[in-house]
Every structure is written in C-alpha cells, then in structure tokens.
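Participant: following is a predicted model, sequence given first.
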Amino acid sequence: MPHLTLGSRVRLARLALLLAASWLLTPATPALAHHECNNVPSCVSISSGQIEIGHDGAVNRHMTCPSDASYMWGTSWDKSSLNVSVIYWPDWPSGASLRATNLSAVHRNTITFYLGCSATNPQNPPPGGTR
C-alpha cells in the first residue's frame, strides 16, 4: 500500500472539501404537482403566476376563485426545487392562503400556486363526484 506524504494528504483533503462544497451548491430538482382540477366539474384553474423566492426567503399569497366559479375544490403548486416548503390554509368556500419558504441558503427558487375552482359547491358534489 503506498504511503501518502503530508502534502498529498492535504491536497486530497482539499479536493474532498471542494467536491462536497460543489455538491451543496447544486440546485435541487423541480417538484411539479398541478392537480388542483382532478375530478372537479367544469374546473377553472387560477394561477398566481411564477413568484421568485430569495434564498432563505418566504412568500405569502391569498387567492380567491372568480365569481363565475366561486367554490374552491383544490390547491396545488409547482416549485423549482424540493428546497421549497409549502403550507396552505383553506378559506372556505372560495379561496386559500398559501405560504412558501425557500430552505436554501444559497439559491433563489420559484413557485406557482394554483386553485381549482368550480360553480358546483364541493359540499354537494354531483352524483359520482369526488372531493
């Protein structure tokens, strides 16, 4: 087995640190959902548009269904990274408040929120409808 000198061990340690640091700086893969209209009669999808979140940042949005499809049936979101955490609070019957937090200390990320809205009240779905 070859014997490494102190200089070789230091260079090897620096290389290992460099590789580890570059892996930490690589953005995470996107996480896409977009299922707010699954099984919703005459669904209208409402989008927040793409929102940028700074590193270690957070955004809040309140979204409301339009008057011609005033009942909210579902929510979803598309986020640019698994480093984005989302929570939401339904505001029955017509909207929701959503919060996205970027857990990355080095990367900006994006999110788009969606509401699935319908003129049919989800508390009384048509026969065969699911909630």
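Facilitator: That came in fine, so what should we check first? This is a predicted model, so every value here is computed, not measured.

Participant: residue contacts, Tyr71?
Facilitator: Contact partners of Tyr71, counting by C-beta atoms under 8 Å, 6 or more residues apart in numbering, are 65, 93-94, 117-122. Every C-beta, even on glycine, is put in place using the N, C-alpha and C of the backbone.

Participant: oh, I was asking about His55
Facilitator: Contact partners of His55, counting by C-beta under 8 Å, 6+ apart, are 102, 104-108.

Participant: and the gap between it and Thr112?
Facilitator: As defined by C-beta to C-beta, to the nearest Å, His55 lies at a distance of 19 Å from Thr112.

Participant: now do stretch 82-102, average pLDDT.
Facilitator: Looking at stretch 82-102 alone, the average pLDDT works out to 93.

Participant: what residue ranges in this protein score low on pLDDT?
Facilitator: 1-4, 6, 10, 12-13, 15-33, 124-131 (pLDDT under 70).

Participant: swap in 80 and give it another go.
Facilitator: With pLDDT under 80 as the threshold, the chain has low-confidence stretches at 1-34, 123-131.

Participant: going along the chain, name the strands of it.
Facilitator: For the chain, strands defined by DSSP state E occupy the ranges 44-47, 51-53, 58-64, 71-79, 84-91, 95-102, 109-118.

Participant: pull the distance from the last one to the chain's centre.
Facilitator: Per C-alpha atoms, centre = their mean, to the nearest Å, the displacement of strand 109-118 from the mean C-alpha position of its chain is 9 Å.

Participant: do the third one as well
Facilitator: Using C-alpha atoms, centre = their mean, we find the averaged C-alpha position of strand 58-64 to lie 12 Å away from the chain's own average C-alpha position.

Participant: next one: the shortest one
Facilitator: Its chain's C-alpha centre and that of strand 51-53 lie 11 Å apart, by C-alpha atoms, centre = their mean.

Participant: what packs against it?
Facilitator: Counting by 3 or more C-beta pairs under 8 Å, 6 or more residues apart in numbering; DSSP states H and E, the packing neighbours recorded for strand 51-53 are strand 58-64, strand 95-102, strand 109-118.
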